[in-house]
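Asks: After the sequence you'll find the predicted model.
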2 protein chains.
Amino acid sequence: MSHAATPSLPAALAPDALLDRLRWRYAVKKFDPSRKIPAAMWDALEDVLRLSPSSYGLQPWRFVVVQDKALRESLRAASWNQPQITEASHLVVFAGRRGMDVADVERFVDSIVQQRGVTRQAIDGYAKTMTGFVSAPPPHVHLDTWASRQTYIALGFFLEACALLGVDACPMEGIDPAKYDEILGLKAKGYGALCVATAGYRSAEDAYAQAKKVRYPAEHVIERR
Amino acid sequence: MSHAATPSLPAALAPDALLDRLRWRYAVKKFDPSRKIPAAMWDALEDVLRLSPSSYGLQPWRFVVVQDKALRESLRAASWNQPQITEASHLVVFAGRRGMDVADVERFVDSIVQQRGVTRQAIDGYAKTMTGFVSAPPPHVHLDTWASRQTYIALGFFLEACALLGVDACPMEGIDPAKYDEILGLKAKGYGALCVATAGYRSAEDAYAQAKKVRYPAEHVIERR
């Protein structure tokens, strides 16, 4: 396949290699608490979070990386005492923006101007579209709901990246979001906790690692028209 | 790094290779309408959708792959006439389960029994947990909202896979979900359209391909505790 238009394209992955890695991943029940994700690897995973796509590029999210032991214990108590919260190498809380307004759009527009070196005027049409969306969203859009959904894109991005990089992970929704907000002071900052991803390395004792991955056959979930 | 516990682990990607590919991706504004995704590549992308993680593994989603030209035209009219809807090689509508109930859990449990070759009794505890979740969700959980969020994990999975496989894509929320539901008959099937991903290959004329990707610096979106 020729990619004349994009000469700097890094090599694509073979489909089977990608699928093999996605089949390798599973929601880890028991991490090896002695194994830590190397700093350079974690930096890359934070970059993956930052590179996640979002509607208009507005990035209506915050990722709280919690390494403090006492804080992890408090969060575990707000997570049905699930051991991964304290035993995994790393913990990220995915939080969505609450009460997004035109100031968010302005901040993003400033960021485009700065990073692309364009004039504010050159992107005025785009800015107006976003301002319109935020100040008068379409009838089916609720901004907090919208921000939550975007944040789940980032969760998907993160989990797939972990699988590709050989890092184990466990996404967890069994948390008390209100307690998380309180413990992490998220509400005051304009964010709300949605879910968590723990990351690290599976324990050799985690029997779930050997369990066959269960997925519906294509005809149950894919409809071709 | 040793992976003694997982001898069949396929080779992991180098972090820089992953990040390069994620930087290569962007929301394509103009596809090359003459270039089609090869069938084997599309099959792999459907497998990626199926392998997406979801809470409890319940897969509360449907992916509608629309290749029919007339149907694509109707959907374009319900999508602010955005050209990608008809010009991209492939179009997937991401729909979330609506009105999930214990029958969904039973279907999933049957699927575990069948695919893992275990007895129903062996997973009765897990089945009860899921039935409890669906019949009496925690106060902060609304099942339709929950299903929508899960479906966005799959969107993230799909978009990252496209980037890795060298397929261009554009996620699109600028659609009229009610019209989509009507055109695709989704409501009657118990699903609701959420968003769309178009996939194919960027046109050499798409100026956006050269635009610098804009992301907030880490300190705006990542909080380390």
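Replies: The structure has been received and is ready for your questions.
Asks: From now on I want contacts and neighbour counts done on CA atoms only, so please keep to that.
Replies: Noted.
Asks: What is the helix or strand hosting A:V64 packed up against?
Replies: Using DSSP states H and E, the element containing A:V64 is strand A:61-65. Helices and strands touching strand A:61-65, by 3 or more Cα pairs under 8 Å, 6 or more residues apart in numbering or on different chains; DSSP states H and E, are strand A:90-97, helix A:143-165, helix B:218-221, strand B:222-224.
Asks: Could you point out which of those sits nearest B:V92?
Replies: With Cα to Cα as the measure, helix A:143-165 is the member of these nearest B:V92 (15.7 Å).
Asks: got the CA coordinates for the closest one in PDB?
Replies: Output in PDB follows, covering the C-alpha atoms of helix A:143-165 (Å, rounded to 0.1, in the frame of the first residue of the first chain):
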ATOM      1  CA  LEU A 143     -22.700  18.500  28.800                       C
ATOM      2  CA  ASP A 144     -21.800  16.500  31.800                       C
ATOM      3  CA  THR A 145     -22.900  13.300  30.100                       C
ATOM      4  CA  TRP A 146     -21.000  14.300  27.000                       C
ATOM      5  CA  ALA A 147     -17.800  14.900  29.000                       C
ATOM      6  CA  SER A 148     -18.300  11.500  30.700                       C
ATOM      7  CA  ARG A 149     -18.500   9.800  27.400                       C
ATOM      8  CA  GLN A 150     -15.400  11.500  26.100                       C
ATOM      9  CA  THR A 151     -13.500  10.300  29.200                       C
ATOM     10  CA  TYR A 152     -14.500   6.800  28.400                       C
ATOM     11  CA  ILE A 153     -12.800   7.200  25.000                       C
ATOM     12  CA  ALA A 154      -9.600   7.900  26.900                       C
ATOM     13  CA  LEU A 155     -10.200   4.800  29.100                       C
ATOM     14  CA  GLY A 156     -10.400   2.700  25.900                       C
ATOM     15  CA  PHE A 157      -7.300   4.400  24.600                       C
ATOM     16  CA  PHE A 158      -5.400   3.600  27.800                       C
ATOM     17  CA  LEU A 159      -6.500   0.000  28.100                       C
ATOM     18  CA  GLU A 160      -5.500  -0.800  24.500                       C
ATOM     19  CA  ALA A 161      -2.200   1.000  24.900                       C
ATOM     20  CA  CYS A 162      -1.500  -1.100  28.000                       C
ATOM     21  CA  ALA A 163      -2.200  -4.300  26.100                       C
ATOM     22  CA  LEU A 164       0.100  -3.200  23.300                       C
ATOM     23  CA  LEU A 165       3.000  -2.200  25.600                       C
END
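Asks: Poorly predicted segments of chain A, please.
Replies: For chain A, the stretches with pLDDT under 70 are A:1-9.
Asks: could you pull out the helices for it?
Replies: Assigned by DSSP state H, chain A shows helices spanning A:15-24, A:39-51, A:69-77, A:84-87, A:102-116, A:124-135, A:143-165, A:177-184, A:218-221.
Asks: Please produce CSV containing those helices, extended by mean neighbour count and distance to B:S74.
Replies: Formatted as CSV, those follow (neighbours: other Cα atoms under 10 Å in any protein chain shown; distance: least, Cα to Cα, whole Å):
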stretch, mean neighbour count, distance to B:S74
helix A:15-24, 19, 32
helix A:39-51, 19, 33
helix A:69-77, 17, 48
helix A:84-87, 25, 47
helix A:102-116, 16, 32
helix A:124-135, 15, 24
helix A:143-165, 25, 25
helix A:177-184, 18, 40
helix A:218-221, 14, 22
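Asks: Dump these to CSV, plus distance to chain B.
Replies: Listed next are these as CSV, based on distance: least, Cα to the nearest Cα, whole Å:
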stretch, distance to chain B
helix A:15-24, 6
helix A:39-51, 6
helix A:69-77, 8
helix A:84-87, 14
helix A:102-116, 6
helix A:124-135, 10
helix A:143-165, 4
helix A:177-184, 8
helix A:218-221, 5
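Asks: Nearest to A:A95, out of these?
Replies: Comparison of those against A:A95 by Cα to Cα identifies helix A:143-165 as nearest, at 7.1 Å.
Asks: which strands and helices sit next to that closest one?
Replies: In this structure, helix A:143-165 packs against helix A:15-24, helix A:39-51, strand A:61-65, strand A:90-97, strand A:168-172, strand A:191-200, helix B:143-165, with contacts taken as 3+ Cα pairs under 8 Å, 6+ apart.
Asks: can you tell me which of these comes nearest to B:P10?
Replies: The nearest among these, by Cα to Cα, is helix A:15-24 at 6.3 Å.
Asks: Pull the residues that contact that closest one.
Replies: With Cα atoms under 8 Å, 6 or more residues apart in numbering or on different chains as the test, helix A:15-24 has contacts from A:160, A:163-164, A:213, B:9-10, B:12, B:41, B:44, B:47-48, B:51, B:161, B:164-165.
Asks: now swap in stretch A:109-125 and tell me
Replies: Outside stretch A:109-125, the residues touching it (Cα under 8 Å, 6+ apart) are A:A127, B:A211, B:K212, B:V214, B:R215, B:Y216.
Asks: From the structure, what's the count of residues near the residue nearest to A:Y201 when sequence neighbours are not counted?
Replies: In space, not counting the residues next to it along the chain, A:Y201 is nearest to A:D168; the distance is 5.0 Å by Cα to Cα, 6 or more residues apart in numbering or on different chains. Other residues near A:D168 come to 25 when the count uses other Cα atoms under 10 Å in any protein chain shown.
Asks: A:D168 and A:D47: what is the separation?
Replies: 17 Å (Cα to Cα, to the nearest Å).
Asks: In contact with A:A40, which residues are there?
Replies: Counting by Cα under 8 Å, 6+ apart, A:A40 has no contacts.
Asks: Out of the contacts of stretch A:109-125, which is nearest to A:L186?
Replies: A:L186 lies nearest to B:Y216 out of these, by Cα to Cα, at 18.7 Å.
Asks: in terms of contact, does the closest one touch A:L49 like I think?
Replies: No - using Cα atoms under 8 Å, B:Y216 makes no contact with A:L49, being 11.0 Å away.
Asks: re earlier: output the helices of chain A in JSON lines; the columns should cover distance to B:D144.
Replies: Shown next, in JSON lines, are the helices of chain A (distance: least, Cα to Cα, whole Å):
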{"stretch": "helix A:15-24", "distance to B:D144": "26"}
{"stretch": "helix A:39-51", "distance to B:D144": "25"}
{"stretch": "helix A:69-77", "distance to B:D144": "26"}
{"stretch": "helix A:84-87", "distance to B:D144": "27"}
{"stretch": "helix A:102-116", "distance to B:D144": "27"}
{"stretch": "helix A:124-135", "distance to B:D144": "23"}
{"stretch": "helix A:143-165", "distance to B:D144": "11"}
{"stretch": "helix A:177-184", "distance to B:D144": "18"}
{"stretch": "helix A:218-221", "distance to B:D144": "17"}
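Asks: Fine by me, thanks again.
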